[in-house]
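sequence? don't have it. structure:
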Ligand SMILES: Nc1nc2c(ncn2[C@@H]2O[C@H](COP(=O)(O)OP(=O)(O)OP(=O)(O)O)[C@@H](O)[C@H]2O)c(=O)[nH]1
């Protein structure tokens, strides 16, 4: 059935005594389904019910085997994937709040299944980007296919390690589309947090099987019983049904693997139907072009097949196909239910839209899911430090955007900063990570303006409606806000914010939120010490420093998540001059009024000289450079102090 060799689990460097401990730990399965009356009012009014189809508590005495395909002397090889029909496949994501141990669990699973050798890789092997390693966070979902031996059968497991931060929920949502179940991890010390709820509800809404697991039970201050009680209160999960693991030490992980096989349903697919697959991720490989991850729903796909995508008319030839282990390993064919990569000579990830459906050119199929483009919530202008670097910055942006198709871009011109771009991001952390990647991966430094949210302006008069070809204009650049006299209503995006905090910080949090125009929706005690608070608030109040202030006021104990809550009317004024105040500890230590810069003198002058008067152009450029140095100072200033900025 496969070419790999069996090795006893104990030989994977785990130690026989440890192995015995792991295998004798109790095993409990759970499965979630249907809906029920919960005391917790969730923004989406979901009322989950937990019905556990079976609860088994067994002392396991079997020896677990793993297939070590990575040890093949001829390099990595795959078995014939035809031997893995849907009933032998399990596709699952690991979801959790930030830092609850998703990537560490992925490491242990890769080791236990022999996909990687223990100690042969850095920790968090699926966190590959430099920025992920430096910040210790996952920003990009990663997939790995594993072979797992249980009860005499070999299963093909597809694991997706997802990011935990709210900005990257888009990654979680698209990963869910390729899975039938999730492992929901909760830190046994920190307890239920804001993204625990958000990811639980995303999986629940998408009708995925959820396997709840408490992680970090090895920690001295872990309190698994109390956290299990919180999960009961917040998510209606019976404490007896929650697995208990230590991803770091591997305790309970074999039980979790068995639960994945037993509890998560196999994908539904028919290998004899025409091929159709769901695109759920894509990225740009410097040497080989765009790599597209596809969940094959029906049929089969092989090299040299001609394929097309529902969203475009283009036809591509499959150049390579295979599994992520976690690096690419070529296969002959992919079959219904399997998750793998396709390479077909695409030049940009825009050609492989997330959520798109791929089929054989000769037998087109209807879309499997509607394509939901990423929704940018935060916009900022990005400019070169010097206009002479404009071309190289443009090249770097283009390259990075090949890898991150969730960023939107339009050209913009600033009187002070010259020619640049307005970029749209999923959130503030996404913006920071993108700019950091620009520097780390492409050596490009830039000036980024203070981020803002997309406002809407509803026009009063036909003239503007005709001119802009819309009644409601979305404005992402403060410079483009129409005059108030032609607008009947401005509106701004609001969000539903969820905060989980120790109850002693409730008063402080209420005060911070009220200062930011928030409206409290509810507060629910999860136990004697922890409370869940929900607020409606304007996104513009969240994006700049809300999270930092929340963390500092609660000594880092509060967690925060938000979701879109539509647009609400607001008062918007173009206000010049801009008053910038620097405060330290609440005391204003400096103030400067920046006057409006009315036109791009530099661009005009250069243009009017037809580019011939180089000396004069250089003089103007130098002057502009000085202006930009001033702007950079302002920016630096902003990061080291607190600056109140209005536009
Ligand atoms: N003691 C202990 N520490 C753990 C365990 N699992 C993870 N950790 C630690 O918790 C920290 C966060 O782990 P990660 O695996 O990066 O968490 P994550 O959920 O992938 O984080 P994001 O991707 O940023 O959301 C790391 O320092 C891990 O070493 C565990 O079982 N026990």
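Received it, and whenever you're ready, just let me know what you need. Keep in mind it's a predicted model, so treat the numbers as computed, not measured.

which regions of the stretch 451-600 of the chain lie under the pLDDT threshold?
574-578, 594-600 (pLDDT under 70).

repeat that for 50
Counting by pLDDT under 50, the stretch 451-600 of the chain shows low-confidence ranges at 599-600.

Which element, helix or strand, includes whichever residue of the stretch 401-550 of the chain sits closest to the ligand?
Nearest to the ligand in the stretch 401-550 of the chain, going by CB to the nearest ligand atom, is residue 429, at a distance of 10.4 Å. Every residue, glycine included, has its C-beta placed from N, CA and C. Using DSSP states H and E, the element containing residue 429 is helix 428-442.

still on that earlier bit, please report how far the residue of the stretch 401-550 of the chain closest to the ligand lies from residue 439.
In this structure, residue 429 lies at 16 Å from residue 439, with CB to CB, to the nearest Å as the measure.

So for those two, which sits in the more crowded spot?
When neighbours are counted by other CB atoms under 10 Å, residue 429 and residue 439 differ, and residue 429 comes out ahead with 20 against 13.

what residues are up against the nearest residue to the more buried one once chain neighbours are set aside?
Nearest non-adjacent residue to residue 429, counting by CB to CB, 6 or more residues apart in numbering: residue 167, 4.5 Å away. By CB atoms under 8 Å, 6 or more residues apart in numbering, the contact set of residue 167 is 425-430.

now residue 167, what's its secondary structure?
helix (DSSP: H, G, I helix; E, B strand; the rest coil).

start the count at 53, not 1, going forward
In the new numbering, first residue 53, that becomes residue 219.

Neighbours of the residue of the stretch 553-699 of the chain found nearest the ligand, how many?
When you check the stretch 553-699 of the chain against the ligand by CB to the nearest ligand atom, the closest residue turns out to be residue 611, at 11.5 Å. Here the count is done by other CB under 10 Å, and residue 611 has 24 residues near it.

That one against residue 244, yeah?
No: counting by CB atoms under 8 Å, residue 244 is not a contact partner of residue 611; they are 9.1 Å apart.

Find the residues that touch each one of these two.
Residues touching both residue 611 and residue 244 (CB under 8 Å, 6+ apart) are residue 552.

List only buried entries from the contacts of residue 219.
Burial by neighbour count, judged by 16 or more other CB atoms under 10 Å, picks out 477-482 from these.

nearest to residue 560, of the residues you listed?
Closest approach to residue 560 among the buried ones among the contacts of residue 219 (CB to CB): residue 480, at 21.7 Å.

Okay, now the unreliable bits of this structure?
Low-confidence segments of the chain (pLDDT under 50): 53-125, 651-664, 682, 684-699.

so how far is residue 226 from the residue sitting nearest the centre point of it?
If you average the C-alpha coordinates of the chain and look for the closest C-alpha using CA atoms, centre = their mean, you land on residue 220, 2.2 Å from that point. Noted for residue 220: a distance of 10 Å to residue 226, by CB to CB.

likewise residue 431?
Here the distance between residue 431 and residue 226 works out to 22 Å (CB to CB).

got the contact list for residue 330?
Contacts for residue 330 were tallied using CB under 8 Å, 6+ apart; they are 229-230, 346-347, 349, 407-410, 420-421.

does it have beta-bridge partners, and which?
On the basis of DSSP bridges, residue 330 is bridged to residue 347, residue 409.

hmm, back to that, a markdown table for the buried ones among the contacts of residue 219, including distance to residue 156?
Rendered in a markdown table, the data for the buried ones among the contacts of residue 219 read as follows (distance: CB to CB, whole Å):
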| residue | distance to residue 156 |
| --- | --- |
| 477 | 27 |
| 478 | 25 |
| 479 | 24 |
| 480 | 26 |
| 481 | 21 |
| 482 | 23 |
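
for residue 473, phi and psi?
phi -140, psi 150 (degrees, to the nearest 10).

who does it bridge with?
Judged by DSSP bridges, the bridge partners of residue 473 are residue 434, residue 463.

what comes up buried for the helix holding residue 481?
Within helix 480-494, the residues that qualify as buried by neighbour count (16+ other CB under 10 Å) are 480-490, 494.

want to try a markdown table for these, with distance to residue 300 as columns?
As requested, the buried residues of helix 480-494 are exported to a markdown table (distance: CB to CB, whole Å):
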| residue | distance to residue 300 |
| --- | --- |
| 480 | 30 |
| 481 | 25 |
| 482 | 28 |
| 483 | 32 |
| 484 | 28 |
| 485 | 25 |
| 486 | 31 |
| 487 | 32 |
| 488 | 27 |
| 489 | 28 |
| 490 | 33 |
| 494 | 34 |
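
Going by distance to residue 271, which of the residues you listed wins?
Closest approach to residue 271 among these (CB to CB): residue 481, at 25.9 Å.

for the residue of the stretch 453-602 of the chain closest to the ligand, what are its contacts?
Residue 481 sits next to 217, 219-220 when contact means CB under 8 Å, 6+ apart.

circling back: what is the most widely separated pair among the buried residues of helix 480-494?
Distances among the buried residues of helix 480-494 were taken as CB to CB; the most separated pair is 480 and 494, at 21.0 Å.

need the helices for the stretch 203-352 of the chain, in chain order.
Remark: helices of the stretch 203-352 of the chain, listed N- to C-terminal, are 221-228, 246-257, 276-287, 305-315; assignment by DSSP state H, counting those that start in this stretch.

Quick one: closest of these to the ligand.
Closest of those to the ligand is helix 246-257, at 8.0 Å (criterion: CB to the nearest ligand atom).

what sits against the closest residue to residue 157 other than its chain neighbours?
The shortest distance from residue 157 to any residue that is not its chain neighbour, by CB to CB, 6+ apart, is 3.9 Å, and that residue is residue 299. Applying CB under 8 Å, 6+ apart, one finds that residue 299 lies in contact with 153, 156-157, 159-160, 237, 267-268, 305.

likewise residue 248?
Residue 248 sits in contact with 148-149, 152, 236, 238, 286-287, where contact means CB under 8 Å, 6+ apart.

cool, residue 429 as well?
By CB under 8 Å, 6+ apart, the residues touching residue 429 are 476-479, 505-506, 545, 591, 595, 616.
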